[in-house]
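Engineer: from the sequence below, what's the structure:
(chains A and B)
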Amino acid sequence: MPRLPDSGTRSVTVLARVADGRAAELRKALHGIGTPFAHVPGVHFARLVVVEHAVAQTRPAVWGRRARLLDLVVHGGRAPRPDDLPHPYLLMTATVDGPAERFFAGLRALGPEADAIWGHCAGYPGHERAEDFVRFFADRSERADYTFGGAPDGTVAELRDAVALRRRLAALAAAGDRGRIPPLTFSARPPAPVRAPGRSPLPLDDIQGMVLRGYGHHHAATHLFLRFTDRPAARAWLAAVAPRVTSAADVQERPNRALHLGLSHDGLAALGVDGLDRFPEEFRAGMAAREPALSPGRATEPWTAPFTGTEGVHAVLMVSATNPDILGAVVRELRAGVTAAGGVEITGTSEGRRLREPGGTFIEHFGFADGLSTPLVEGYDRGAPEDLLPPGEFVLGLPDVDGDRAGRELPADLVRHGSFLVYRKLEQDVAAFRETVAAVAGHFAGGAGDAAAALVGRGRDGRTLDGCPVASHVRRANPLDTLPGGRKLSRRHLMLRRGIPYGPYLPEGEPDDGRERGLLFLAVVGDIRRQFEFVQTEWMADGNVFGRGGEQDVFTTAGGPHARVLVEGESPVHVPVRRPLVTCRGGEYFLLPGLAALRSLT
Amino acid sequence: MTVTARSGRGTALTVLSPMPRLWAGPLRAVLYVRKLLGPSRDLQRMSFIHFAHWSVITRFPFQERRSRYAYLLFRSDFNGSWDEYIDAFSIVIPRRMALIWGWSYGFPGALPTEPFRRYIRHNDLPVDHYWAAYPESSVTEVAAALRVRDAYRGHFGDLDPEAAPDHPAWPRFLHDVQSDLYTWERDDAPAT
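Structural biologist: Got it, this is the predicted structure:
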């Protein structure tokens, strides 16, 4: 056997045949062995897998021409015959420092713990004799034909020491409070989307209006949260409301009011709709069940009515209008309709009001220009081909970013031209935000304005920040080409935002008034998990992909003594986020059915 | 659907796929050439892979009978979401995926992503025991730690870290590695 180099990380794979009839027992034993590999030096990763049978192969249900051609060449177009492994095997794969023999010797030092595992395998000699033990593993080793290591090489001890050193130095840097950020510079605001000329090829009259347009000219909105308590009555009510839902075709006349309707999984179930088991897991579970991952550390603990309680929200009726008077009239009428119908209950209301600066810019409560940088939809917006997203990213039944028909698995008639709506009531603590910024303003040559801009990733007036900090809020929401894989990957995780602020604006310099304010965050997507949950869990609630470890987004974090957002400059500033700036008070996943589908529900 | 094994930030993927014995040799050759070509820059840029290994198995140790087919065994330890991991392979290196898995039965092509994801999930083996030596450290944190360590040695040598902030080289050191000096203790996991 050739002499292997003494250093370097390598892959070790051992396939040990399991003694007859012992597979189940072995599996059970493995689930209770604790952490034996912790006592074997130089092991980066290790796994134990009881493989009893080969997985039966099926021919792909969906495959492209190239794959079919490949299948023809490689398999002669023939399906696989049934096959199985010759015996059940215990697979051990580990990535270890140094030669395999050293690893096996380390296993031997486990003594009876090793016996508890490999004692179930044929030919296992026990741990007493070193030569026999090592030979047992060497004889059953399978070499790796190709291995790849992502991080630079180092032994387990070296990596652990380096990690500890980095953490200590980072903590010292943060405590040192010496950061200095030179003046930030800004470029032009991103341009507002422009409609493509000519007739849109999209079925505008079947898509709810809010999917394709934000109704920026509607300054007031009321969202009614509903529960269906009697199926026939609810369906009858739906029959009356469905014809009034605004379509994307109506947008062109700039109506002074609009009506949109979303139905949650529980709502669809209450209406007696079939095929709900085909909907994605996140939609069926409802947002409350997903919140522990979406808001780590807080989950639904801060949630308030109507999103709390054992019964969820069945539907959301969203009314918007150019002014509160028109809005009020429509809402009164709808409320009367609900009361008259019976079988439908209003369990809560949210009132949205656009905030406007004296100059006319729409802002959100932290004072930042809002509604900028929205994805462009092919077939509706004008843009360069690489900037346009396929309509299936937002409308089911149309082609999505993978060239697939969005929502292919779902009941076709129900979801045709529908969209998913992510609804979150996000309370904003404006006083806390201003304090957070003020606390570090002294480190920024540009003062508090620059400090805020560095955290958000954009100027307050909406101008783009040059050299946008890699983990700032705006960059986390859309990394563009800053991540590995570039835009090809990042464009798969974009949403159309349709939210509106709620609550009165807190003027600058005013202390906290205890009033509720925030953002009714609404996002339209075709795939909730890929376009919303992924962003929330991988880009907002974590910093790994940005090279920031566990650092969370400034508006996602629950804050606390250890929460510090890193801003780079001449020397780094670690911005403490002592308490949460944004708190989710509730939300739900809804389907915004296409108009024909909506009518068919009645 | 099989449950993938996790340990802290580490996720395991273990895929065993059958292929005609005829192609075992050619696939071994492909993997050998890849090995000669050195570390893959594409894979390296996908900053969430700790390790990935491929083995072609034509004989199972101490087998008393032969399986009909050869098997490709793929193991990986990575960070982040399972779906995104597979999608990254599909979207960034679809041809290489075809070159490696194209010989296996049932391979639907690397694109579109959904059938390939389904194929991998179908062949992903449930892990009975998974262990990671630094579960709370992602690939990028490990890389950052090594950079910081090397820079530290360069500026301070053997100095005790507690004394470093008072050392004249500290501001220069901060400037050099500031992007790696993020600090955020996760409150739901112990430090490694």
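Engineer: does the closest residue in space to residue A:29 that isn't next to it in sequence sit in a helix, a strand or a coil?
Structural biologist: Leaving aside its chain neighbours, residue A:29 sits nearest to residue A:116 (5.9 Å; criterion: CB to CB, 6 or more residues apart in numbering or on different chains). Using the backbone N, CA and C atoms, a C-beta is placed for each residue, glycine as well. Per DSSP: H, G, I helix; E, B strand; the rest coil, the secondary structure class of residue A:116 is helix.
Engineer: tell me the contacts of residue A:511?
Structural biologist: By CB atoms under 8 Å, 6 or more residues apart in numbering or on different chains, the contact set of residue A:511 is residue A:431.
Engineer: so residue A:564 versus chain B, what's the distance?
Structural biologist: According to CB to the nearest CB, to the nearest Å, residue A:564 and chain B sit 6 Å apart.
Engineer: beta partners for that residue?
Structural biologist: residue A:576 (DSSP bridges).
Engineer: return the residues in contact with it.
Structural biologist: A:174, A:551, A:574-577, B:182-184.
Engineer: could you give the mean pLDDT of the longest helix seen in chain A?
Structural biologist: Criterion DSSP state H: the longest helix present in chain A is helix A:156-176. For helix A:156-176, mean pLDDT rounds to 93.
Engineer: just stretch B:128-144 next, same as before
Structural biologist: 90.
Engineer: repeat that for stretch A:392-407.
Structural biologist: On average, stretch A:392-407 scores 93.
Engineer: repeat that for stretch A:231-248.
Structural biologist: 95.
Engineer: which other residues reach it?
Structural biologist: By CB under 8 Å, 6+ apart, stretch A:231-248 touches A:202, A:204-213, A:228, A:255, A:258-261, A:270-272, A:317, A:334, A:337-338, A:341-344, A:595, A:598-599, A:601-602.
Engineer: in chain A, which residue sits furthest out from the middle?
Structural biologist: Here the centre of chain A is the reference, and by CA atoms, centre = their mean the most remote residue is residue A:129, at 52.1 Å.
Engineer: how long is stretch A:43-58 end to end?
Structural biologist: 36 Å (CA to CA, to the nearest Å).
Engineer: ah, wrong one, I meant stretch A:18-32
Structural biologist: Distance between the two ends of stretch A:18-32: 18 Å, counting by CA to CA.
Engineer: and it, average pLDDT?
Structural biologist: pLDDT averaged over stretch A:18-32 gives 93.
Engineer: now residue 176. Nearest residue, chain neighbours left out?
Structural biologist: Picking chain A for this. Residue nearest to residue A:176 in three dimensions, not counting chain neighbours: residue B:165, with 5.4 Å by CB to CB, 6+ apart.
Engineer: I was thinking of chain B, sorry if that wasn't clear
Structural biologist: In space, residue B:176 is closest to residue B:151, 5.6 Å off (CB to CB, 6+ apart).
Engineer: helix or strand right after whichever strand or helix holds that neighbour?
Structural biologist: Using DSSP states H and E, residue B:151 falls within helix B:139-156. Next along the chain after helix B:139-156, taking DSSP H and E as the criterion, comes helix B:170-177.
Engineer: phi, psi for residue A:60 please.
Structural biologist: phi -60, psi 140 (degrees, to the nearest 10).
Engineer: what residues are up against the closest residue to it other than its chain neighbours?
Structural biologist: Leaving aside its chain neighbours, residue A:60 sits nearest to residue B:108 (3.4 Å; criterion: CB to CB, 6+ apart). Applying CB under 8 Å, 6+ apart to residue B:108 gives the contacts A:60, A:62-64, A:67, B:115-116, B:118-119.
Engineer: again with residue A:335
Structural biologist: Residue A:335 touches A:224, A:346, counting by CB under 8 Å, 6+ apart.
Engineer: I'm done for today, thanks for sticking with me.
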